[in-house]
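Trainee: Curious how this folds, go ahead:
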Amino acid sequence: MKAPDLRVTIAGVTLANPIMTASGTCGTGEELAQVLDLKKLGGFVTKSISLEPRSGHPAPRLAETAAGMLNCIGLQNVGLERFIADKLGFLRQSGTRIIVNVVGRETGDYVACGRRLAGIPGIDFLELNLSCPNVKEGLDNGADPRWITECVAAVRKAATLPLIAKLTPNTHDIAALARAAEDGGADAVSAINTLVGTAINIETRRPRLSNITGGLSGPAIKPVALACVMKIARAVKIPVIGIGGICSGADVVEFLLAGATAVQVGTATFRQPTACVDAVDQLRDYLRTHQVPRVTDLIGAIELS
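Mentor: As a prediction, this is how the structure comes out:
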């Protein structure tokens with residue numbers, strides 16, 4: 001058979017393949033570009049960018065686990081204006097789709113970021129990091145469907161760019177969060193963000209992280225992520241982007257079969273910086289071996305009976 005077609009389309013934007021980086025694991029691209037050609041990716045997702053610079057949490061901010069890692073980086077970033085001035089130009093010349101992940105403390109922050117970025121050529125998507133606490137009420141906004149609808153709708157009014165809503169798994173019903181994002185006007189949802197976890201140093205009897213708890217990522221969370229993606233894909237009509245423990249082309253195939261249109265690779269890049277493009281090659285080999293002409297033929301193709 002001829003070379004399989006790896007292209008997928010989200011909100012009218014065609015990606016060369018369904019594999020992107022995950023926010024927070026590859027900065028803004030300069031470091032990763034030293035070891036691979038970013039054009040080989042379906043897209044590059046930036047680390048979370050906020051209106052104002054953030055210094056993040058103090059060290060220690062990382063702790064290795066048996067099948068992944070915990071982090072409490074604290075959304076450290078240079079802030080929106082410096083990102084635009086110093087970082088975005090590099091990405092615009094990279095030859096891949098650009099997904100800017102934005103985060104805020106309240107709805108107005110997301111709106112301001114969306115409005116500012118919408119006027120800049122070369123950005124293909126905004127990904128709204130909706131897993132953050134409400135500093136005014138002390139609640140986890142990301143677990144509140146009403147707030148998700150409100151926030152996405154407000155950004156939708158301010159920005160014409162396609163919107164991806166990134167969802168927290170720290171909820172009793174992630175499908176409800178996905179429906180809320182869809183109701184607000186999201187063009188896609190990405191799931192899952194990290195799970196809450198902790199680790200303790202038994203010699204010092206102190207937490208291994210300065211923030212006590214952190215986000216668990218890596219292969220340990222893949223079964224949870226797969227189940228969430230499958231649940232979301234059955235609850236909404238918009239595309240789902242799968243995240244969580246993806247390390248190989250085989251993992252990508254699992255997420256596509258579960259209903260994802262695309263995926264993001266994150267923690268695997270710490271162990272193997274070329275994991276994303278390696279997965280592209282492995283996915284292509286799978287399609288050839290199984291005589292699947294188009295990667296889109298795999299989406300939601302799981303057989304349950």
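Trainee: quick one: which helix or strand includes the closest residue to Glu254 other than its chain neighbours?
Mentor: Computed as C-beta to C-beta, 6 or more residues apart in numbering, the closest residue to Glu254 that is not its neighbour in sequence is Leu226, at 6.1 Å. Heads up, the C-betas are built off the backbone N, CA and C, glycines and all. When secondary structure is defined using DSSP states H and E, the element that contains Leu226 is helix 222-233.
Trainee: Following element in sequence after that helix, please.
Mentor: Moving toward the C-terminus from helix 222-233, the next helix or strand (DSSP H and E) is strand 240-243.
Trainee: Can you name the helix or strand that the residue of the chain most remote from its centre falls in?
Mentor: Ranking residues of the chain by C-alpha distance from their mean position (C-alpha atoms, centre = their mean) puts Glu203 at the top, at 35.3 Å. Taking DSSP H and E as the criterion, no element holds Glu203; it sits outside all helices and strands.
Trainee: any idea how far Cys276 is from it?
Mentor: Counting by C-beta to C-beta, to the nearest Å, the gap from Glu203 to Cys276 is 37 Å.
Trainee: So Leu257: helix, strand or coil?
Mentor: Under DSSP: H, G, I helix; E, B strand; the rest coil, Leu257 falls in the helix class.
Trainee: Any idea how many residues pack against it?
Mentor: Counted by other C-beta atoms under 10 Å, the residues lying close to Leu257 total 17.
Trainee: Then the one 5 residues further on?
Mentor: Summarising burial for Ala262: neighbours were counted as other C-beta under 10 Å, giving 27.
Trainee: Would you list the phi and psi of it?
Mentor: The phi and psi values for Ala262, taken as degrees, to the nearest 10, are phi -150, psi 170.
Trainee: That one is in contact with Ile10, isn't it?
Mentor: Yes: shown here, Ala262 and Ile10 form a contact pair, counting by C-beta atoms under 8 Å, at 6.5 Å.
Trainee: Mutual contacts of these two, please.
Mentor: Taking C-beta atoms under 8 Å, 6 or more residues apart in numbering as the contact criterion, the common neighbours of Ala262 and Ile10 are 239, 241.
Trainee: For the residue lying closest to Thr28 once chain neighbours are set aside, give me its contacts.
Mentor: Nearest-residue entry for Thr28: Lys87, 4.2 Å, with adjacent residues in sequence omitted and distances by C-beta to C-beta, 6+ apart. Lys87 makes contact with 28-30, 46, 78, according to C-beta under 8 Å, 6+ apart.
Trainee: what helices or strands is the helix holding Leu226 leaning on?
Mentor: Judged by 3 or more C-beta pairs under 8 Å, 6 or more residues apart in numbering; DSSP states H and E, the packing partners of helix 222-233 are helix 174-184, strand 188-191, strand 240-243, helix 249-258.
Trainee: Mean pLDDT and distance to Pro53 for those - can I get that in JSON lines?
Mentor: Formatted as JSON lines, the entries for the helices and strands packed on helix 222-233 read as follows, by pLDDT from 0 to 100; distance: least, C-beta to C-beta, whole Å:
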{"stretch": "helix 174-184", "mean pLDDT": "98", "distance to Pro53": "27"}
{"stretch": "strand 188-191", "mean pLDDT": "98", "distance to Pro53": "24"}
{"stretch": "strand 240-243", "mean pLDDT": "98", "distance to Pro53": "26"}
{"stretch": "helix 249-258", "mean pLDDT": "98", "distance to Pro53": "34"}
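Trainee: Deepest in the core, which of these is it.
Mentor: Looking across the helices and strands packed on helix 222-233 with neighbours counted as mean count of other C-beta atoms under 10 Å, the highest average goes to strand 240-243: a mean of 31.
Trainee: Parallel or antiparallel, list what pairs with that one.
Mentor: Sheet pairing of strand 240-243 (DSSP bridges) gives strand 188-191 (parallel), strand 262-265 (parallel).
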